[in-house]
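Colleague: generate coordinates for the sequence data below:
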Amino acid sequence: GFQSKAKISDQAVEAEYKNNLKRYVAPMKASFNYLVLDPHVVAQSIVISDQEVTQYYQDHQSNYSTPKRWKVTVVTMPSPKKVTDDSTAQAIKQAKQFIVAAKQDKNLSTLAERMGMTITTPTLSASNSVVPASVLNALTVGEFSQPVTTSQGVVIVRVDQVDQASTQSLSSVHSKITAMLTSQKLERVIAQQTEQLSQLTYTDPNSLSSSAKALKLSVQTSDLMTEDGLSEGLFADKSVLQVAFGDEVMEQSYNSRPIALKDGSVVVLRRHAMKKSHQLPLKEVASEIKQQLVKNKAEELAGVQAYAIQKALQSGVTVKSLSEQYQLTWKQVADLSRDNNTLPSAFTQAVFSTPVSKKQPSAANTVLVDDKAYYVFKISDWSSPSVKGASKKEESALKQHLLDTSSQMEYAVYVSGVRDQAKVKVFQSALSDVK
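Modeller: Here you go, the predicted structure:
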């Protein structure tokens, strides 16, 4: 390949190094000592006794009890504009008539609508605001109450279903209560230890030892890293890095403030070691520089060869002759369309941007794809799209597209003409490397 033809001397490597010293500077690196207050670890030391669970259950028994409930049908009499003794008596009379009629007509909704009454089907507890619990307790399922005068008017109630009061047993909620009490105690312990950690690291800003001893934590040490941090773990967290490389830690060598992490952990750190930014010696980067120069030279040689092949095609040299000269394999692409997805899009775009016409049916061009490879191509034939079978709307859209494309191609022809008139100096020494 071209890289084998790219010859880079030691003098070229040294020149690149001296001309671009800033590129070859080792960034500052630092490592850190740190303490982690981990709630998952703290939780393992928290014990909730059966006595605590039982006491909480007894103190909050209402949380685990379901009161007696009645599923009922409430029939409300029409409300008069002004409530009087007579209107109330009339409503009570209507309610009794409804009870009698309901024994014959089981469709209560239709019956209530016919008699001008409204029906609702709420679920009521003993403390409801519709009827007294004493009324509900006196009824059996399917039985209507006597008319009851309420703040909403005169109503009658039928009990449709009764759900007796129930209480979850202690054994059935024991694990749930334990988990809740553990969580509550963990929050308190973490808050207390975080405050203690903050005070200890502040009063002894030059060490983490006293904090580690008091809280029974281990001082850990990170690897050396730049300000970009590490690829994973604690020092991949931007909030940690911002504090770690701040002035307080890096310049003053103090303990950091406590840093709260997303998982609930709390971290305090301090600088352990630091390597300042420094100029890398040539011997350490010579191999890297040479590799880059070889790559650059290879790309240059590839570009020169691509240009030479393009010019040869334009002057009439055959594809077969060029294949033999440059030891290349040419690929024939039949019926290339704009929506092709098997070739690089940049290549397809370059083909359709290359100006061709009836007077000039063939053309050659070169395109650099993804800054990696040069594609040299020759258009041997082309055809305009057919509008046969297309609707008027589709035909109109196609014509507009062709008009836009024609304008773009006219500009491309203009640019090509200007390029052809440009004076280009080709260094034979460069071409001599391309064979």
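Colleague: low-confidence ranges, the protein, go.
Modeller: For the chain, applying pLDDT under 70 flags the ranges 385-390, 394-395, 398-399, 401-435.
Colleague: so which residue of it lies furthest out from the middle?
Modeller: residue 86 (70.1 Å; CA atoms, centre = their mean).
Colleague: can you pull the buried residues of the helix or strand that that residue is a member of?
Modeller: Per DSSP states H and E, residue 86 falls inside helix 85-102. If you call a residue buried by 16 or more other CB atoms under 10 Å, then helix 85-102 has these buried ones: 87, 88, 91, 92, 94, 95, 98, 99, 102. All C-beta atoms are positioned from the backbone trio N, CA, C, and that covers glycine.
Colleague: strands of the stretch 151-300 of the chain, residue ranges please.
Modeller: All strands of the stretch 151-300 of the chain, identified by DSSP state E, counting those that start in this stretch, fall at 153-163, 166-167, 220-221, 259-260, 266-275, 278-279.
Colleague: any chance of these in TSV, plus mean neighbour count and distance to residue 120?
Modeller: Below are these laid out as TSV (neighbours: other CB atoms under 10 Å; distance: least, CB to CB, whole Å):
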stretch	mean neighbour count	distance to residue 120
strand 153-163	19	9
strand 166-167	12	26
strand 220-221	13	66
strand 259-260	16	52
strand 266-275	19	55
strand 278-279	10	84
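Colleague: distance to residue 38 added to those strands, as JSON lines?
Modeller: Output for the strands of the stretch 151-300 of the chain, formatted as JSON lines (distance: least, CB to CB, whole Å):
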{"stretch": "strand 153-163", "distance to residue 38": "46"}
{"stretch": "strand 166-167", "distance to residue 38": "38"}
{"stretch": "strand 220-221", "distance to residue 38": "11"}
{"stretch": "strand 259-260", "distance to residue 38": "12"}
{"stretch": "strand 266-275", "distance to residue 38": "8"}
{"stretch": "strand 278-279", "distance to residue 38": "37"}
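Colleague: sorry, back to before: residues contacting the residue farthest from the centre of the chain?
Modeller: With CB atoms under 8 Å, 6 or more residues apart in numbering as the criterion, no residue contacts residue 86.
Colleague: start at 503 instead
Modeller: I'll keep to 503 as the first residue from here, and by that count the last item is residue 588.
Colleague: any idea how far it lies from residue 656?
Modeller: Separation of residue 588 from residue 656 (CB to CB, to the nearest Å) stands at 13 Å.
Colleague: returning to what we had before: looking at the strands of the stretch 653-802 of the chain, which is closest to residue 713?
Modeller: Closest approach to residue 713 among those is made by strand 768-777 (6.8 Å; CB to CB).
Colleague: which other helices and strands does the closest one contact?
Modeller: strand 531-539, helix 672-705, helix 740-746, helix 749-752, strand 761-762 (3 or more CB pairs under 8 Å, 6 or more residues apart in numbering; DSSP states H and E).
Colleague: as JSON lines, those with distance to residue 793 would be great.
Modeller: Output for the helices and strands packed on strand 768-777, formatted as JSON lines (distance: least, CB to CB, whole Å):
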{"stretch": "strand 531-539", "distance to residue 793": "24"}
{"stretch": "helix 672-705", "distance to residue 793": "47"}
{"stretch": "helix 740-746", "distance to residue 793": "31"}
{"stretch": "helix 749-752", "distance to residue 793": "34"}
{"stretch": "strand 761-762", "distance to residue 793": "40"}
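Colleague: relative to residue 798, which of the ones you listed is closest?
Modeller: Closest approach to residue 798 among the helices and strands packed on strand 768-777 (CB to CB): strand 531-539, 29.0 Å.
Colleague: the stretch 803-937 of the chain: helices as residue ranges?
Modeller: Using DSSP state H, counting those that start in this stretch, the helices found in the stretch 803-937 of the chain span residues 821-828, 847-855, 894-923, 930-933.
Colleague: residue 724 contacts residue 538, correct?
Modeller: No - Residue 724 is beyond contact range of residue 538, at 11.5 Å (criterion: CB atoms under 8 Å).
Colleague: now do the shared contacts for these two.
Modeller: With contacts defined as CB under 8 Å, 6+ apart, the residues shared by residue 724 and residue 538 are residue 736.
Colleague: make CSV from the buried residues of helix 587-604 and add distance to residue 678 to it.
Modeller: Putting the buried residues of helix 587-604 into CSV (distance: CB to CB, whole Å) gives the following:
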residue, distance to residue 678
589, 54
590, 51
593, 49
594, 50
596, 51
597, 47
600, 47
601, 46
604, 45
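Colleague: pick the one among those closest to residue 577.
Modeller: Set against residue 577, the nearest of those by CB to CB is residue 600 (6.1 Å).
Colleague: the closest one against residue 617, yeah?
Modeller: Yes - counting by CB under 8 Å, residue 600 does reach residue 617; the two are 6.0 Å apart.
Colleague: which strands and helices lie in contact with the helix or strand following the helix holding residue 588?
Modeller: Next along the chain after helix 587-604, taking DSSP H and E as the criterion, comes helix 610-616. Helices and strands touching helix 610-616, by 3+ CB pairs under 8 Å, 6+ apart, are strand 571-578, helix 587-604, strand 620-622.
Colleague: which one of these lies nearest to residue 830?
Modeller: Closest to residue 830 of those, according to CB to CB: strand 571-578, at 87.2 Å.
Colleague: just the buried positions in the closest one, please.
Modeller: 571, 572, 574, 575, 576, 577, 578.
Colleague: picking that back up, settle it for me: which of residue 724 and residue 538 has more neighbours?
Modeller: residue 724 (20 against 16; other CB atoms under 10 Å).
Colleague: for that one, give me its contacts.
Modeller: Counting by CB under 8 Å, 6+ apart, residue 724 touches 533, 534, 535, 536, 732, 736, 737, 774.
Colleague: which of those has the most neighbours?
Modeller: Highest neighbour count within those, by other CB under 10 Å: residue 534, with 26 neighbours.
Colleague: and it, what does it touch?
Modeller: 723, 724, 737, 746, 751, 771, 772, 773, 774.
Colleague: what's the closest of the strands of the stretch 653-802 of the chain to residue 564?
Modeller: It is, among the strands of the stretch 653-802 of the chain and with distance given as CB to CB, strand 668-669, at 9.3 Å.
Colleague: which of the contacts of residue 534 sits closest to residue 801?
Modeller: Using CB to CB, the contacts of residue 534 come closest to residue 801 at residue 737, 37.2 Å.
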